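Q: Fold the following and give me the result.
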Amino acid sequence: MVASLIIACGRTNSVRDRPEINVATAANLTRAFAEVGQAFERQTGIHVTYSFGWSGLTAAAADVHLSRPSDNRYQLEGTGRTTGLARALWRYDVSYRAITDSVTLRPVETNQNESIRSKKMATHLTFSNAGVTREKGGVSLGLSEARGGARHRIDRS
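A: Modelled structure (predicted):
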């Protein structure tokens with residue numbers, strides 16, 4: 001069974017100034033994902049970008065769950081991690097949660113937690129009509145203080 005992991009959901013592509021989703025998946029799914037991606041883009045107007053690779057070698061595993069916690073929201077939750085040889089070379093774990101408006105599919109909130117070897121990083125985005133608020137911080141294992149924590153407001157222009 002081959003798993004795909006959505007890397008980013010709801011971000012804006014600055015070149016086209018429209019929403020974009022990035023998907024990383026195995027190379028043997030190139031044709032299937034190209035067809036699905038084109039249909040998805042026609043239906044939603046959201047551009048899909050793919051990264052294909054690692055065929056024949058299991059380098060990562062992912063679990064993705066989509067739910068509808070209320071009538072006006074969709075929620076995507078995912079976890080991913082490197083496995084096998086890739087994990088020995090590059091230990092990486094990620095958890096992701098995104099909430100979108102069920103009518104417009106516009107993002108409402110995202111949370112991402114990453115662990116790369118001994119470093120942990122957390123990113124929280126809140127979307128509104130006024131713009132995007134981003135909170136990003138990192139904590140090294142064994143230390144209790146946050147490093148590089150920041151809160152930013154990005155206004156729409």
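
Q: Kindly state the beta-bridge partners for Ser70.
A: Beta bridges link Ser70 to Arg73, judged by DSSP bridges.

Q: tally of neighbours for it?
A: By other Cβ atoms under 10 Å, the residues close to Ser70 number 10. The C-beta positions use only the backbone N, C-alpha and C, and glycine is treated the same way.

Q: And for Lys136?
A: 15.

Q: mind checking the SS state of it?
A: Put simply, Lys136 is strand when judged by DSSP: H, G, I helix; E, B strand; the rest coil.

Q: Would you mind measuring from the closest residue to it other than its chain neighbours to Asn111?
A: Leaving aside its sequence neighbours, Lys136 sits nearest to Thr123 (Cβ to Cβ, 6 or more residues apart in numbering; 4.8 Å). Computed as Cβ to Cβ, to the nearest Å, the Thr123 to Asn111 distance reads 7 Å.

Q: In contact with the residue nearest to Lys136, which residues?
A: For Thr123, the contact set (Cβ atoms under 8 Å, 6 or more residues apart in numbering) comprises Thr110, Asn111, Gln112, Asn113, Glu114, Arg134, Glu135, Lys136.

Q: Kindly give a single ChimeraX line that selects the buried subset of those residues.
A: Those of the contacts of Thr123 that count as buried under 16 or more other Cβ atoms under 10 Å are selected in ChimeraX with:
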select :110,111,112,114
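
Q: Which one of the contacts of Thr123 is nearest to Ala88?
A: Distance to Ala88 across the contacts of Thr123 (Cβ to Cβ) is lowest for Glu114, with 18.5 Å.

Q: which residues in this protein form strands?
A: Secondary structure of the chain (DSSP state E): strands located at 5-13, 18-26, 47-53, 60-70, 73-82, 92-101, 107-116, 119-128, 131-140, 147-155.

Q: ok, how many other residues are close to the residue nearest to Leu57 when sequence neighbours are not counted?
A: Nearest residue to Leu57, sequence neighbours excluded (Cβ to Cβ, 6+ apart): Leu85, at 7.2 Å. Leu85 sits with 11 neighbouring residues when counted by other Cβ under 10 Å.
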